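Engineer: Prediction below, plus the sequence it came from.
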Amino acid sequence: MAKKVLFINQEIDPYVAESHMSIMGRELPQKMQEAGFEIRTFMPKWGTINERRGQLHEVIRLSGMNLIIDDTDHPLIIKVASIPTTRQQIYFIDNDDYFKSRQMGTDENGKEYADNGERAIFFARGVLETVKKLRWQPDVIVCQGWASAVVPFYVKTAYSEEPSFAESKVITALYTNELKGELGTNFKRCVAFRDAKSELLDGYQDDFNFIELGKLAIDYSDGVVEGEEEANKILFDYAKEKNKPVLAYPGEDIQEPYADFINKVCPDAE
């Protein structure tokens, strides 16, 4: 039976500007599908995405849930589209407060959004709740970009008893794209949900920044990948210090190294 791999991507070409991460967001799931894995792919519906050009449409049966973050209700909207050149279907997580009319990490003046931490929290929970509704049980979850960095923490705590994720392994891919500022002094309070207790973050700095977020992702991951050459060295070295299985940047020929690493992190049952 084919392993199920869930890709949680911050960027996917052609929906956002071309970068190494957005190209990997498109090509990696496609290559893994060609290698025989069953895949699902998610990304945030950033406000810069042209819904008409991308042919996005809302999936009513998956939308309608409210996620409470910091005592505030935030409606979860799910949209879907297919990349024209492939058979890939992309699920988009949308919300008026966090994504509509707002760019990825910074506004049009290049200033980072003060609530980027909350946006990552909403995205993580939105993806996991939607996967539950799909009644799909991923064997492996691959997280790419800071927007997906809360996912490993939630999978191993708040969602660890959920049938959809009880056996899931998590891989974090590191890139050079990074936030420069803090994610908000209230990040630890906002991230608390079910068994994802805020005291589990006591060992991290109070002012959560990109490095602290990366360490949180690595600590709750089962493997770490260097997604591009010269990806964040501090975090890659941290993963090695924590004795996590790692895959150094494999170059442009990604299919076999990634397939082998997924199988290493999630070996076939005897």
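Structural biologist: In hand now; what should we look at?
Engineer: In three-state terms, how would the closest residue to Phe122 other than its chain neighbours be classified?
Structural biologist: Once flanking residues are discounted, Phe122 sits nearest to Tyr98: 5.3 Å by Cβ to Cβ, 6 or more residues apart in numbering. Every residue, glycine included, has its C-beta placed from N, CA and C. Classification of Tyr98 using DSSP: H, G, I helix; E, B strand; the rest coil returns coil.
Engineer: List the residues that contact Tyr98.
Structural biologist: Counting by Cβ atoms under 8 Å, 6 or more residues apart in numbering, Tyr98 makes contact with Pro44, His74, Asp115, Glu118, Arg119, Phe122, Phe123.
Engineer: Now stretch 243-259: buried residues?
Structural biologist: The neighbour-count check on stretch 243-259 (16 or more other Cβ atoms under 10 Å) flags Lys244, Pro245, Val246, Leu247, Tyr249, Pro250, Ile254, Tyr258, Ala259 as buried.
Engineer: So what touches it?
Structural biologist: Identification of contacts with stretch 243-259 by Cβ under 8 Å, 6+ apart yields 24, 27-28, 31-32, 34-35, 37, 218, 221-229, 231, 236, 239-240, 261, 264-265.
Engineer: ditto for stretch 55-62
Structural biologist: So stretch 55-62 is contacted by 45, 49, 77-82, 91-92, 130, 133-134 (Cβ under 8 Å, 6+ apart).
Engineer: CA atoms only for it - export them in PDB, please.
Structural biologist: What follows is stretch 55-62, C-alpha atoms only, in PDB (Å, rounded to 0.1, in the frame of the first residue of the first chain):
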ATOM      1  CA  GLN A  55      -9.200  29.100 -10.600                       C
ATOM      2  CA  LEU A  56      -9.700  28.700  -6.800                       C
ATOM      3  CA  HIS A  57     -13.100  27.800  -5.500                       C
ATOM      4  CA  GLU A  58     -14.400  27.300  -2.000                       C
ATOM      5  CA  VAL A  59     -15.100  23.800  -0.700                       C
ATOM      6  CA  ILE A  60     -18.300  24.400   1.300                       C
ATOM      7  CA  ARG A  61     -18.300  21.000   3.000                       C
ATOM      8  CA  LEU A  62     -14.800  21.700   4.500                       C
END
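Engineer: what comes up buried for that stretch?
Structural biologist: Using 16+ other Cβ under 10 Å as the test for burial, stretch 55-62 gives Leu56, Leu62.
Engineer: do the same with stretch 68-76
Structural biologist: Ile69, His74, Leu76.
Engineer: coming back round to it: so which one of the contacts of Tyr98 is the model least confident about?
Structural biologist: pLDDT across these is lowest for Asp115, at 79.
Engineer: tell me how far the ends of stretch 76-91 are from each other?
Structural biologist: 12 Å (Cα to Cα, to the nearest Å).
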